[in-house]
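Quick one: sequence and predicted model below, then my questions.
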Amino acid sequence: MVQWGYQLVSAAHGMAAREELESRKIDICIMDWEMPGMTGPEVSQWLHSGQVENIPYTILLTSKDRPEDIQAGYEAGADDYLVKPCDLKYLRRIVNCVAEKLRRRSIWMELDKAESDQETMSTPLDVCMAHLGLARRAM
């Protein structure tokens, strides 16, 4: 991560990850599903429990690839789910995309503060849907 231009904070287990997430602002949290102390989904559920002010973009990294596992990861609050072994280029692309969105949001918030005469605050919505080829699986 340092090679990619980002500061890296590491934690050896789930409880250490929770302590880091409580004590500092983390933008992106990449964690394994299987960790001692607390699993990745447990940390993700804790993040969304209302006890944390800044919830990072959460990526679960795991060897679990069954559809029900993937669904459980998302239901626990993960924003993304990568199956091991994962392509580091793909992980880097996700991290770069999230960093760019955070940068844009920061700029947008500054512009919104500058235009404080507005009565209501709008929120940016970055959605692009282009030629969605949603394939159905044969049953």
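The structure has been received and is ready for your questions.

Would you mind giving both backbone torsions of residue 82?
Main-chain dihedrals, residue 82, degrees, to the nearest 10: phi -120, psi 130.

can you pull out the helices in the protein?
14-23, 40-47, 67-75, 88-114 (DSSP state H).

got any ranges where this protein has weak pLDDT?
Along the chain, the model assigns pLDDT under 70 to residues 1-3, 115-139.

Residue nearest the middle of it, spatially speaking?
In the chain, the C-alpha nearest the mean C-alpha coordinate belongs to residue 57, at 2.1 Å (CA atoms, centre = their mean).

Quick check: that residue touching residue 26?
No - counting by CB atoms under 8 Å, no contact exists between residue 57 and residue 26, whose distance comes to 9.3 Å. For every residue, glycine as well, the C-beta is placed using N, CA and C.

before we move on, the earlier item: of the helices of the chain, which is nearest residue 6?
Each of the helices of the chain was scored for nearness to residue 6 using CB to CB, and the closest is helix 88-114 (6.9 Å).

from the middle of its chain, how far away would the closest one be?
Relative to the centre of its chain, helix 88-114 is centred 12 Å away, using CA atoms, centre = their mean, to the nearest Å.

Would you mind finding the most buried of the helices of the chain?
Each of these was given a mean neighbour count from mean count of other CB atoms under 10 Å, and the largest, a mean of 21, is that of helix 40-47.
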